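**Student:** fold the following for me, if possible:
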Amino acid sequence: MPRKPTTPSVADNHAAPGGAAAVDRALSLLAAFRCGDGPLALAELATRTQLYKSTALRLLASLVHARLLQRQDDGRYTLGVEVARLHGVYQRQFSLGDVVLPVLRQLVAATGESAAYHVLQGQPPHTSRLCLYRVDSPHPVRDHIRAGDVLPADRGAGALVLMAYTPMPSSDSGTICFKTDPVSVHIRADGYFSGVGQRLPDVAGVSAPVFGADGRIAGAITLTLPAHRHDPRHITPVVAAAQTLTATLTDGLPATRNTP
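**Tutor:** Okay, here's the model as predicted:
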């Protein structure tokens, strides 16, 4: 009779209702690989998943057979070629707009103001950003930026957030450097920017960063509105929207962010 674990495994704590325990445990081994990992030994995988080594070894054999994992000559494991194939299928099916636009619509419904998703353009040093997606406020008085418009990378709430989290070129190879001006430092400390007149005198903006699975900034969600409607209460829904989109882009897994 096999011993019953005294500590529930990660899979047991997050079991799929009506699912198969063995599948949950095998998937927990796949999920144990994190950004920045090299090959992992059996002991490390067992520790991360809270599985017995004997159980993990049997599941790893199945994952290797399915080419979801690869076993190296030294006994350590890496992700296999089937993961790459599935990722390619996912990318061909994935539409960023299908993910971003519902979040923007919910933000507009919650605040009554216009919401957009901005990304930087080109290579460092960046001089422009792109309004990739936009949902307009129902108010007749609003700014009139449209999806596809190119904006400066040094002015506006979204620009300040994007640049605050974007590594700067460094003469010291391998060193990640970020802007150290007071505004950028405060943005990274607070996790958002809120202000009036950064791009146009009568326009306010609230912006928060969105991160990708690699931990780097992927874009910024920005609420824009006339200065007279600027309200600190908008900060919470903007940050929540950015966190929701980050969780979606990273499959709900915490990313190791490239920030100081």
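
**Student:** would Gly158 count as being in a helix?
**Tutor:** Yes: the assignment for Gly158 (DSSP: H, G, I helix; E, B strand; the rest coil) places it in a helix.

**Student:** what about the helices in the protein?
**Tutor:** For the chain, helices defined by DSSP state H occupy the ranges 10-13, 21-31, 42-49, 53-65, 81-93, 96-111, 157-164, 182-190, 235-249.

**Student:** which one of those helices is the most hemmed in?
**Tutor:** Counting by mean count of other C-beta atoms under 10 Å, helix 157-164 has the highest mean neighbour count of the helices of the chain, with a mean of 26. Where you see a C-beta, it was placed from the backbone N, CA and C, and this is true even at glycine.

**Student:** tilt between it and helix 235-249?
**Tutor:** 50 degrees (axes from the mean of the first three to the mean of the last three C-alpha atoms, to 10 degrees).

**Student:** okay, angle between helix 157-164 and helix 182-190 too, please.
**Tutor:** Angle between the axes of helix 157-164 and helix 182-190 is 80 degrees (criterion: the same axes, to 10 degrees).

**Student:** run the chain-centre distance for helix 157-164.
**Tutor:** Centroid separation between helix 157-164 and its chain, computed with C-alpha atoms, centre = their mean, to the nearest Å, is 16 Å.

**Student:** same thing with stretch 32-42?
**Tutor:** 19 Å.

**Student:** start at 791 instead
**Tutor:** That works, and once the first residue is 791, the last one we named lands at stretch 822-832.

**Student:** CA atoms only for stretch 978-989 - export them in CSV, please.
**Tutor:** Extracted C-alpha coordinates of stretch 978-989, given in CSV (Å, rounded to 0.1, in the frame of the first residue of the first chain):
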residue,chain,number,x,y,z
ARG,A,978,7.9,51.9,-10.8
ALA,A,979,7.3,52.3,-7.0
ASP,A,980,3.5,53.0,-7.4
GLY,A,981,2.8,50.7,-10.4
TYR,A,982,0.9,53.4,-12.3
PHE,A,983,1.0,57.1,-13.4
SER,A,984,-1.9,59.6,-13.0
GLY,A,985,-1.7,63.2,-14.0
VAL,A,986,-2.9,66.2,-16.1
GLY,A,987,-1.2,67.9,-19.1
GLN,A,988,1.5,65.4,-19.9
ARG,A,989,0.7,65.4,-23.6
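
**Student:** report the buried residues of that stretch.
**Tutor:** Neighbour-count burial for stretch 978-989, counted by 16 or more other C-beta atoms under 10 Å, picks out Arg978, Tyr982, Phe983, Ser984, Val986, Gln988, Arg989.

**Student:** do I have it right that the second one meets Val996?
**Tutor:** The reference is to Tyr982. Yes: judged on C-beta atoms under 8 Å, Tyr982 makes contact with Val996 at a distance of 6.8 Å.

**Student:** closest one of the buried residues of stretch 978-989 to Ala937?
**Tutor:** Ala937 has its nearest neighbour among the buried residues of stretch 978-989 in Arg989, at 16.9 Å by C-beta to C-beta.

**Student:** show me the contacts for that closest one.
**Tutor:** Leu941, Pro942, Arg945, Gly946, Ala947, Ala949, Gly995 (C-beta atoms under 8 Å, 6 or more residues apart in numbering).

**Student:** kindly provide the distance from it to Cys921.
**Tutor:** Using C-beta to C-beta, to the nearest Å, Arg989 is found at 12 Å from Cys921.
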